[in-house]
Structure formats: C-alpha cells, structure tokens
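Participant: Following is a predicted model, sequence given first.
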Amino acid sequence: MDLKKPIKYSIDSSQTFSECTILCQLPTYALAISQQSNHLIHLPTFSDLNSFYSTSSTISYKRQQQININSLNPYISEEFNFIILPLEIKKSSIEIYELNQLESVTIIDVLSKQLNVKLNDGSHGRIHITELFDKPSPDKFQSLNDYYHKNEILNARIIGTRNIELDSKHQRPVYELSLREKSSNQYQIGDQIIGFFDKIDEKNKGYWFYLSLHNRGYVPPEFLSKQLNIGQCSYLTIMNKTKNDKGEYYILSMFDNNQLKSNIVYAQFKEIKSINEFHFNIIKDKEIYQGILISTDVSDVFENFIFWNYLMNVKSPLLINGQLNIKKELWKFRNKTIRAFIKEENKDKKQMILSTRKSRFV
C-alpha cells in the first residue's frame, strides 16, 4: 500500500448510525467505531468551540463503552472516510429566576442573622434578617430560632443574587430573597426605624446595626441605652449620614425620638476650655449654639477626670507638673457627640448650659 496516496472510500451520506464503540479517550475528543459499518467516528467532549482549549472536558468516555448516537446529526467526510458527531447538549436543570418572582424555598439552616434556604432547582439562597419581617417588634423578638425551623417551607420573593464567582463547584447562582412585601432603603434624619444588631465595634465599643440588606448604621457608645444580643432588633433614631473607607452608613441613637422635644439635645465636642469645662456645638432651628458642660454636671457621683472616664470613655489625661496639655488631649474627643439635657438657654447669646446627670437640674 502506498501511504503517500490518500485512501478514499465511498460513504453513503444517507446511512444512519445507532451505536458506536469507544476505542480511546483523548483530552478533547474520543475515537469510536461504528458497529454497522466499521467507520471511524470522532466524538468531541466539548459543546462549543470556545471550550476547545479547556483543560477539563465536559464529558468523558470509557474504552469499549457503547454509545447510543441515534439523536445526533453527524458530519460525514466522504473524501477521508470519517464521521464527526457533536456532543449532545443536555438541557440545564438550572432555572433563571426573575426579580420579585415568588418561589417556594426550604430552610436548610437557621443562623443568628439569616436563613439559608434551597430553591426547587437545587440553587441556594439566603433570607437576611432585615428581609424577614414587615413589622418586627423589639419587645417580642428574641432570635430567629423562635420563629423558623430547619426543613420548613416558605414562600419568598427573589430580590437579587449574591456576587460570587462561578466555578466547577458553584455552577448555580446564590439568590437573595425576602419575605417582606416591600423593602425600604430610604431614610431621613430624625426618622425612627428598627435595626438589627450585628456586632460591637471593638475599638470604640459602639454598636453596628443592619437597617436593610445593604444599609448599615452605627450607634456611638454615648447613645446606647441597653445591651443587645447579636440578631436582636431595637428602635433607632437616624441622627446623621456619613461614610468611611467601606462606604456610607448612618449615625444612630437608641434613645426615644420623642425625648428630643423635652429639653434633650445632641452636642458635638468643640474644645476643652479647662479640665473641668468642655464646650460643644449644638444645632437648633438651623442655628449653632454654644453648649457649656462643667464637671459637676456630668454625673451624680463626681470623680477625677470625669469627662474622660465617665462621659467620653477615653483614657485619663497625663498631667505634667499638675498642668493639663490640652493640645495632646483634643484628638481623643474628635468627632465625639454627647446626649445632654438643657439646664439653661440664652437665645440672645446662642448659648446653652448642659447637664448629663440623671437628676438633670440638681
């Protein structure tokens, strides 16, 4: 036989093939032989050209394995006597859910701040604690285990997907879901809302709260009114909106918003006048007042350095020859805000005498 000359055989294009036997498996295709006519058959293991150079095949065959090829449309080369059968693309079992679509989900885990759930197509999702209740009650609410249990079935609304990278282990999206009829993300200063306690700020000892799935708020230690466990909810008052390197967040207070109308103000630290007198800025009726607080009005029980230890929760100052280095102490009180009672108010001088004592005016 002259190997330099092409070998040509005649192939009947109308011929159909029902089965073939695998001869060998290569990285991106397998070779097989048809049982009826002994034709060589090429079986790609990729479903499209974009995956040709993939290091991992989407399907694999075993030697001598019998393959049913009735449903495949072959490409037949009559000149070179080979047949290519494309990989049959299986219909995906993964469903694509639309926003606000209602779906039945099964709880697979109850955590402190969310429910992990599974959808009917096998996809996973979570229902964040802020998306569980339309009207949560701080008086009754204790933990999610009081309301939900593993394997419980719920009807939830699709509100988005989590940002995870799909790989060989994560072929399905992870969904964000909600049990609420409508989620609110719009807040105004002075609004009283409900937030869910997330964690304690280890540096400043304030509380971080979830207001909604993508909105957070921070309660400075001077605005805390009670202790909470992670996941519990509390009434909060929106005081301000600010941002850090992680994004925007709200400054909150745990005190009742109605108290703002009963001689209570929020005063921002301005300067140390002396070791026993601090000055603050107070905004009232869109005007700036000077707030004055002296050490005897800080607490019913007087202590040395009461501004540092009791009111601001910072380290005591270091006196040098009995003198206070005010410049070195200013950084400790930067951006600090206190909640105080008004003892006296002078509208002409735009001045207020403040007190943080429980007995208020004594």
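Facilitator: Yes, it's here.
Participant: what bridges to residue 250?
Facilitator: Counting by DSSP bridges, residue 250 forms beta bridges with residue 217, residue 241.
Participant: That one reaches residue 240, doesn't it?
Facilitator: Yes: using C-beta atoms under 8 Å, residue 250 is in contact with residue 240, at 7.1 Å. C-beta: built from backbone N, CA, C; applies to glycine.
Participant: After the longest helix seen in the chain, which helix or strand is next? Please name it.
Facilitator: In the chain, taking DSSP state H as the definition, the longest helix is helix 326-329. Sequence order places strand 337-346 as the next helix or strand after helix 326-329, per DSSP states H and E.
Participant: Please name the strands paired to that following strand in the sheet, noting orientation.
Facilitator: Its sheet considered, strand 337-346 pairs with strand 264-274 (antiparallel), strand 351-355 (antiparallel) by DSSP bridges.
Participant: coming back round to it: looking at residue 250 and residue 240, which is more packed in?
Facilitator: A count of neighbours by other C-beta atoms under 10 Å puts residue 250 above the other of residue 250 and residue 240, at 23 against 14.
Participant: So which bits of the longest helix of the chain are buried?
Facilitator: residue 329 (16 or more other C-beta atoms under 10 Å).
Participant: Also stretch 283-298?
Facilitator: For stretch 283-298, by 16+ other C-beta under 10 Å, it's 289, 290, 291, 292, 293, 295, 297, 298.
Participant: Mind picking the two most distant members of those?
Facilitator: 289 and 295 (20.5 Å; C-beta to C-beta).
Participant: and residue 175, how far is that from residue 101?
Facilitator: Residue 175 sits 10 Å away from residue 101, going by C-beta to C-beta, to the nearest Å.
Participant: Check residue 194 too.
Facilitator: 27 Å.
Participant: same question, residue 338
Facilitator: To residue 101, residue 338 is 48 Å away according to C-beta to C-beta.
Participant: Please identify the nearest residue in space to residue 162, excluding sequence neighbours.
Facilitator: Excluding the flanking residues, the one nearest residue 162 by C-beta to C-beta, 6 or more residues apart in numbering is residue 174, at 4.4 Å.
Participant: Quick check, the one you found in contact with residue 122.
Facilitator: No: assessed by C-beta under 8 Å, residue 174 is found out of contact with residue 122, at 11.7 Å.
Participant: More neighbours: the two, which one.
Facilitator: Taking neighbours as other C-beta under 10 Å, residue 174 and residue 122 compare with residue 174 leading, 15 against 11.
Participant: Report the beta-bridge partners for the more buried one.
Facilitator: Applying DSSP bridges to residue 174 yields these beta-bridge partners: residue 124.
Participant: Look up the pLDDT of it for me, please.
Facilitator: Residue 174 carries a pLDDT score of 86 in this model.
Participant: For it, which residues are in contact?
Facilitator: Residues in contact with residue 174 (C-beta atoms under 8 Å, 6 or more residues apart in numbering) are 123, 124, 125, 126, 161, 162, 164.
Participant: ok so, going back, which of residue 194 and residue 101 has more neighbours?
Facilitator: The residue with more neighbours, out of residue 194 and residue 101, is residue 194; 17 against 14, by other C-beta under 10 Å.
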